[in-house]
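Chemist: Predicted model and sequence follow; I will ask about them next.
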Amino acid sequence: MNDATIKEIVRDKYAQAALRAGAGGSCCGPRGDLAGANPITSNLYGVSETDALPEAAVLASLGCGNPTALAELKPGETVLDLGSGGGIDVLLSARRVGPAGKAYGLDMTDEMLALARANQQKAGAENVEFLKGEIENIPLPDNTVDVIISNCVINLSADKDRVLREAFRVLKPGGRFAVSDVVTRGDVPQQLRKDMLLWVGCIAGALEETDYRARLAAAGFEAIGIEPTRIYKIDDAREFLQGKGIDVDALASEIDGKFMSAFVRAVKPQTACCAPSCCD
């Protein structure tokens, strides 16, 4: 599967998810499904966080974690959410950084951007801006933001190294990379890697944790850490592989405990001007 095919299928899935959320349906499956049905996307936010948000922002969340709760955002900071979807993490970030701060959301899907801007208006968030673009080509100048967050989106990219180089470029020296992503431990069956539906479902494109660390270091980051927030067991695998034509029990030993949602941290050095791999 080539990069263009991946991008178009991801775009189509998230466009449909935005339309379902805008109509009051769940993004985790066909309209009428419970939003908590998927073990990857369920129960990520506390009621105290979502109570004041528009319902469509919550319904459009297709993440695997809660990066705003772990990123230690401070008043006055500028935050960028890569793949911001319906805007839930941008709106939560805007609250944390306050009126003196700024929260950007970046998404390539027109339907998600329209939904996010409608949610921004409903929430009355004035320190928020949603940008159209791709995470491989961030439409912001160098050294612009204090913190980059993302929620189960980097694994959807077919060019993760470019995403990480772009993240490094737009962060200020000392800036923080603080994302939630699906990560693997050890090798996983090639059968899963080749399934396009599993790619857009955050599984097939997931990086192995050692590989993730190496790619962040190659982009110039330091103080790299990967902290598991959920480890998926065989029963979870049955949920997210359901209907994909895969014999989960036959692959049990190759799947059980291999996939995890994780909080991935890294820092751009204070003295950084350009890592060798970022100067291409």
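Modeler: Arrived safely, thanks for sending.

Chemist: Could you work out the end-to-end span of stretch 140-159 for me?
Modeler: From its first residue to its last, stretch 140-159 covers 19 Å (Cα to Cα, to the nearest Å).

Chemist: Could I get the buried residue list for it?
Modeler: By neighbour count with 16 or more other Cβ atoms under 10 Å, stretch 140-159 contains the buried residues 140, 144-158. Bear in mind the C-beta positions are built from the backbone N, C-alpha and C, glycine included.

Chemist: Please apply the same query to stretch 261-273.
Modeler: Judged by neighbour count (16+ other Cβ under 10 Å), stretch 261-273 contains these buried residues: 261-268, 272.

Chemist: Among the residues you listed, name the ones in strands.
Modeler: 261-267 (DSSP state E).

Chemist: Nearest to Lys132, out of those residues: which one, please.
Modeler: Taking Cβ to Cβ as the measure, Val264 is the one of these closest to Lys132, at 25.0 Å.

Chemist: So for the closest one, what's the pLDDT?
Modeler: pLDDT for Val264: 96.

Chemist: my read is Phe177 is in a strand, agree?
Modeler: Yes - assessed with DSSP: H, G, I helix; E, B strand; the rest coil, Phe177 lies in a strand.

Chemist: and it, what are its bridge partners?
Modeler: Taking DSSP bridges as the rule, Phe177 bridges to Ile148, Ala266.

Chemist: Show me the helices in the stretch 151-280 of the chain, by range?
Modeler: Per DSSP state H, counting those that start in this stretch, the stretch 151-280 of the chain carries helices over the ranges 160-170, 190-193, 196-200, 209-219, 234-241, 252-255.

Chemist: Give the buried residues for the last one.
Modeler: Residues of helix 252-255 classed as buried by neighbour count (16+ other Cβ under 10 Å): Ile255.

Chemist: Averaged pLDDT, that helix. What do you get?
Modeler: Helix 252-255 shows a mean pLDDT of 78.

Chemist: That helix - contacts with which helices or strands?
Modeler: Applying 3 or more Cβ pairs under 8 Å, 6 or more residues apart in numbering; DSSP states H and E, one finds that helix 252-255 contacts helix 234-241.

Chemist: quick one on the thing from earlier: ok, which pair from the buried residues of stretch 140-159 is furthest apart?
Modeler: For the buried residues of stretch 140-159, the maximum inter-member distance is 28.0 Å, found between Asp146 and Ala158 (Cβ to Cβ).

Chemist: Counting neighbours, what do you get for Lys7?
Modeler: Around Lys7 sit 17 other residues, with neighbours defined as other Cβ atoms under 10 Å.

Chemist: For it, give me its contacts.
Modeler: Each residue near Lys7 by Cβ atoms under 8 Å, 6 or more residues apart in numbering is listed here: 108, 134, 158.

Chemist: Please, where are all the strands along the stretch 51-200 of the chain?
Modeler: With DSSP state E, counting those that start in this stretch applied, the stretch 51-200 of the chain shows strands at 78-82, 102-107, 128-132, 145-151, 171-184, listed in chain order.
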